[in-house]
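In: A structural model of the following input is requested.
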Amino acid sequence: MPPFKVHSTGLNGIKERVEAAFIQGDKTEITPIEIKKAFSRRAIEQLGYIKDTSSLVVLSDSLVTLFAFPDLKQATPLSQSRGALTFAINTCIQHISIDSPNASDNPSKGIPTVLTRLVIGCRKKVVVFSWLDGETTTPKELVLPHSPRTIAFVNSNIVCLSYTQTEQVMLSLDKMEIVEIELPITNPATNLGMGAFSGLGGYMTLGLGAKERKPAVVGLEKDEVLVPKDNTGQILGPNGKISRSPNIEWPTPPEENIFIKPYVLTILPPYVGTSKPGTTNAVSTQSSTIQITSTISLLPVQTLNPQSFETSESNVKPSTIRLLFSSQDKSPVYFFSTPIDRTAAAAEGTRLWKLCMQPWTEQIDELVRKSSYSEALALLESIDETLLPDKVNIHSTCISTICLNAFQDSRRKHIKALHAVWMFAEGKYDDAMNTFISLDTNPAKVVALYSDSVAGRLSAPKVQWFDLHGGPSPTGFVESFEPPSQQDTEANASLEDASAPPSITLPQSPTIRNLWRVSRGGPLVSVRKEDDNASIMSSKTREKHESDDLRRSIECLVRFLTDRRPKISGVLSTLNITPAQASEYPSLSSVSVEELLELPNLPLSSLTPDQLLRSAQIVDTALFKSYLVIRRFSLLGSLCRLPNWCDVSEVEQVLKSNGVGSSMLVGALSHVIYAFPSLSQKLTELIDLYNGKKMHDKALTLLREMSADEDDKTDKLGPTISYLQKLGPEYISQIFESSHWVLETDPDMAFDIFTSEETQLPHTKVADYLEDFDPYICIRYLEFLIYEKHDASIEFHERLAESYLKLSLKEKSQNKTGLADEMYSKLVRFIDESQHIQVDRLFGLLPSDDMFEVRAILLGQLGKHEGALEIYVHRLQDYIKAEEYCKRIYHSNAEMKGVFLILLRIYLRAGSVKLLQPALGLISRHGPRLDSIETLNLLPPMIPAQDLKAFLKDALREPIFDTRVVREIWNNRDHQISSALVGLQARRVKITDSRICPQCHKRIGNSVIAVHAPRASDF
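Out: Below you'll find the predicted structure:
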């Protein structure tokens, strides 16, 4: 999830060029309120706001002027700022001592005062105006060797003045002294791959009257300032020296920078180059881009261009981005975009966009999901408490189910715990243990990170490590990873000791969880690896590396456990609980893993006596096994001789499995008066034996007996399901018999038995068995065959349709409308899609007084479209479905182009007024698909022509009608013209010698004669 999102402000089509912009306040929407023309004599170059005096700061015509806000009528020019090029404003709370006029950031050294400074960079000088609680002080002025083009506050007393792109100085506002900055020289060759030629356009246009680009210097937090130099941004402190590395890299020199905590937003011009130095991967942009860089990691986290926020347009034009601005350096950020093409810019104008930051909680959660824990912690520490109300709350989006009720630490501690797990997975065991100790982490969660040889039943696969600590596993976190095993240690010759006893191979704890964890590759395999497994290692180097890694990780665990042990014992002793009372409390093996993992991560003084007791048992038992693995036998003896909380059953089992009698343990732990029974044989080996001898019934019976003590369904049913999935079709009877109790316990999990990819069971027999057990599971199995296996056999298609039909009728008869409707909907959808059903057979199973929609679909598949449409119209009275049916038939069957006319006949056949409106609606919507003559013949005589206007217009536009009408119009026109011509030619005017002109009353004689057409008279 990117940290920013672009929104349109609705201000589009701005025709004038925006030279400066500023926003004040926390309004989320921007609307034009007032436009002041001729506000200044020349273009405004920069805007600002001074809250103390409620003044708008305007830089125009090389002069800074203060306007009273909000009426902007009273103007106060700052005469000392003539020749101004830029300015910067800073407001802070400082403590002014009565004895000393100098300001201080220490609250104990003076009176809190609001100090506002306006620093103006002029031609070869800088002017500083100050206000204390709104009262003006005497301005300060300093002559400079060059003219500052950009000013950025490093803190309230120091500003960075940038003369050019490569020359900057630091200015102390209290002393008015300059500190020179000497930036390290960058190697131009290193930038050749990052758009080295992208900036040439700026130099080439200087001679054409283009403005020189201002230095994009911007102030950061914690007394830092970002100074760009070519493609590199260097972070400096108040002393003018580099405060952090590495540098920020851009593909091209930036045009503008703005800091929105904790990100730097940079406008980059279009560029052409390569993605990385030394590579040939071409990268180019036609539009300006906004690169967002985290000031925590100093790496880019997001890149925006017009294509990323103008997705509603099909053809996005390359655009320039200008003027990043915000209110008090807070989100949202506003900017303008203008098409590069002049024609497009003149037509579309400039747009104002809003760039909103995602909520802090979502940003932190996203970093945690990406396993960027260090950056998440740094971001959390940098956020003000008022901006993050839940800064001390639980990381709610990442708490897993197993830890939701137990995990009560703050968000910060939670992320640190996840970071510790990440460091452990990366092999940074010391750092991880230091964090676990500082967080008072539950020892069970730390021990669970190790293999079964140390953790026993607490051991968790790597994919579950983060879940144990309340967070999701990072992407690419491999489940198969585990810390090096004990066998690796045995293979390492450097660990051999001639005086030591024979190598000890530690077995798994005999719970079904551990048996299943290692059996997913086959039916069930032995947990204990034989000594000759070490021979599979690829090389001696790998053996030594993994062996050393194992020793190092366990030694770090020993350090954690030895740190916890005396502290836990000390707290227990204050409660008068000693190891001598161990027999009075339940053993560690009697407590579920979930309960142990749910122990809270709290200081020992905050734990209950029962929680302290469990922690002591976990620590001592894990410490005992750790000493065995790394062969610290002297320390192991000391642990056994001293009072301890080791769980006797687990420790005795480890010793007896390696030929060590229980008498040694009992003698060492003489204070324990209760002896726990140990497992007499290897259950995994017994199950493997049954499997090898094909005695599957006994193996499955043993698995069922072992599952009786499991509470978690996955651990309870998983081994039996895994075993049954390996059996072939020749054991179908055994599969049905042994799967019955699994189906009764959890049908969803048991369903995997019959859908395994490893074996192919006879589908018909499985369907028969499941139908006898539960028809709904049978339906699910048939759906699996048809939709996932794409089985096209008529048998299963018809069986599924009949099952839908029977269950729908059954549930409806029992007034279970919800299930009945669900089955009916599935039946309708299935028969409408399936092409492998005997329609006439299924049609015969339908009840005569129900399931009319199904009947209509089947009639349509039989080609009886009129009957199907009559059901939709008269039975279902669903005219929309009737039209949808017609459209489907019209487009799929070229021979049924008259299906809409059939529906119209049904509407108008009975002469019912009720169906007249649907008929007219059908005509208006599907007139082109209806035969015009047939339609007019079907319509009643008294329908107004206005209701058929659209239909008649479309009908008349048909070629046959259009040609005939045009021909008749031209014929009539010819007749009219011919008649008019004959009439005009038949008219006569006789002129004689005695004819007198009616106008001048003179004899006409030989004069020119004109005939007045309207009256047919001469004149």
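In: Met851 versus Cys886, what's the distance?
Out: 21 Å (Cβ to Cβ, to the nearest Å). The C-beta positions use only the backbone N, C-alpha and C, and glycine is treated the same way.
In: Revised request: answer the last question for Thr338.
Out: 64 Å.
In: ok so, going back, the more surrounded of Cys886 and Met851?
Out: Cys886 (25 against 20; other Cβ atoms under 10 Å).
In: Name the helix or strand for the more buried one, please.
Out: helix 879-892 (DSSP states H and E).
In: Return the set of buried residues in the helix or strand just after that helix.
Out: Going down the chain from helix 879-892, the next helix or strand is helix 899-909, by DSSP H and E. For helix 899-909, the neighbour count (16 or more other Cβ atoms under 10 Å) marks 899-908 as buried.
In: swap in stretch 72-89?
Out: Result for stretch 72-89 [16+ other Cβ under 10 Å]: buried residues 78, 80-81, 84-89.
In: With just CA atoms, put that stretch into PDB.
Out: Only the C-alpha atoms of stretch 72-89 are listed here, as PDB (Å, rounded to 0.1, in the frame of the first residue of the first chain):
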ATOM      1  CA  LEU A  72      -6.200  41.900   1.900                       C
ATOM      2  CA  LYS A  73      -6.900  45.700   1.800                       C
ATOM      3  CA  GLN A  74      -4.200  47.000   4.100                       C
ATOM      4  CA  ALA A  75      -0.700  46.500   2.500                       C
ATOM      5  CA  THR A  76       2.600  47.000   4.400                       C
ATOM      6  CA  PRO A  77       5.600  46.900   2.100                       C
ATOM      7  CA  LEU A  78       8.800  45.900   3.700                       C
ATOM      8  CA  SER A  79      11.200  48.500   2.300                       C
ATOM      9  CA  GLN A  80      14.300  46.700   3.500                       C
ATOM     10  CA  SER A  81      13.400  43.800   1.300                       C
ATOM     11  CA  ARG A  82      13.900  45.500  -2.000                       C
ATOM     12  CA  GLY A  83      15.600  43.200  -4.400                       C
ATOM     13  CA  ALA A  84      14.000  40.200  -2.700                       C
ATOM     14  CA  LEU A  85      14.400  36.800  -4.400                       C
ATOM     15  CA  THR A  86      12.900  34.400  -1.900                       C
ATOM     16  CA  PHE A  87      11.700  34.100   1.700                       C
ATOM     17  CA  ALA A  88      11.000  31.500   4.400                       C
ATOM     18  CA  ILE A  89       8.800  31.600   7.600                       C
END
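In: hmm, who's touching whichever strand or helix holds Ser245?
Out: Using DSSP H and E, Ser245 falls within strand 242-249. By Cβ atoms under 8 Å, 6 or more residues apart in numbering, the residues outside strand 242-249 that reach it are 183-184, 194, 224, 226, 231-237, 264, 293, 298.
In: where are the low-confidence patches of the stretch 251-400 of the chain?
Out: Regions of the stretch 251-400 of the chain meeting the criterion pLDDT under 70 cover residues 273-284, 310-316, 384-400.
In: ranges for the helices of it?
Out: 306-309, 342-348, 360-369, 373-382 (DSSP state H, counting those that start in this stretch).
In: Go through those and pick out the most buried.
Out: Across these, averaging neighbours per residue (mean count of other Cβ atoms under 10 Å) puts helix 360-369 on top, at a mean of 20.
In: Make sure Ala21 is actually in contact with Leu324.
Out: No: using Cβ atoms under 8 Å, Ala21 is not in contact with Leu324, being 9.0 Å away.
In: where in the stretch 501-650 of the chain is pLDDT low?
Out: 501-546, 583, 633-634, 636-641, 648-649.
In: Mind jotting down where the helices sit in it?
Out: 512-517, 540-574, 593-597, 609-629, 633-641, 648-657.
In: List the contacts of His146.
Out: 124, 163-164, 167.
In: ok, 10 Å please
Out: Shown in contact with His146 (Cβ atoms under 10 Å, 6 or more residues apart in numbering): 121, 123-124, 161-164, 167, 169.
In: which among these end up buried?
Out: Buried, going by 16+ other Cβ under 10 Å: 121, 161-163, 167, 169, out of the contacts of His146.
In: For the stretch 701-850 of the chain, which segments count as helices?
Out: Using DSSP H, counting those that start in this stretch, helices in the stretch 701-850 of the chain cover 713-726, 732-745, 747-750, 763-773, 775-783, 794-813, 817-833, 839-845.
In: could you check the angle helix 794-813 makes with the fifth one?
Out: Our comparison of helix 775-783 with helix 794-813, counting by axes from the mean of the first three to the mean of the last three Cα atoms, to 10 degrees, yields an angle of 150 degrees.
In: So what touches helix 775-783?
Out: Taking Cβ under 10 Å, 6+ apart as the rule, helix 775-783 contacts 743, 747-748, 750-751, 754-755, 763, 766-772, 774, 791, 795-797, 799-801, 803-804, 806-807, 810, 819, 823, 826, 830.
In: Buried ones in it, by neighbour count?
Out: Neighbour count says helix 775-783 has 777-782 buried, by 16+ other Cβ under 10 Å.
In: would you put the C-alpha positions of it in CSV?
Out: This file holds the C-alpha atoms of helix 775-783, laid out as CSV (Å, rounded to 0.1, in the frame of the first residue of the first chain):
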residue,chain,number,x,y,z
PRO,A,775,-26.5,-36.2,0.8
TYR,A,776,-25.0,-32.7,1.1
ILE,A,777,-21.5,-34.1,1.3
CYS,A,778,-22.3,-36.2,-1.8
ILE,A,779,-23.4,-33.0,-3.6
ARG,A,780,-20.1,-31.4,-2.6
TYR,A,781,-18.2,-34.3,-4.0
LEU,A,782,-20.2,-34.3,-7.3
GLU,A,783,-19.5,-30.5,-7.6
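In: quick check, nearest of the buried residues of helix 775-783 to Thr343?
Out: Within those, the smallest distance to Thr343 is 62.4 Å, found for Arg780 (Cβ to Cβ).
In: So what's the predicted local confidence for that closest one?
Out: We have a pLDDT of 89 for Arg780.
In: now do Leu220
Out: 91.
In: Then Thr86?
Out: 94.
In: for the one 5 residues further on, same thing?
Out: Note on Thr91: pLDDT of 90.
In: Now do the SS call for it.
Out: The assignment at Thr91 comes out as strand when based on DSSP: H, G, I helix; E, B strand; the rest coil.
In: Any idea what the nearest residue to it once chain neighbours are set aside is bridged to?
Out: In space, Thr91 comes closest to Thr116 once its chain neighbours are excluded; the distance is 4.6 Å by Cβ to Cβ, 6 or more residues apart in numbering. Thr116 has these beta-bridge partners by DSSP bridges: Thr91, Trp131.
In: neighbours of Thr116, just the number please.
Out: Using other Cβ under 10 Å: Thr116 sits among 21 other residues.
In: Before I go, just wanted to say thanks for your time.
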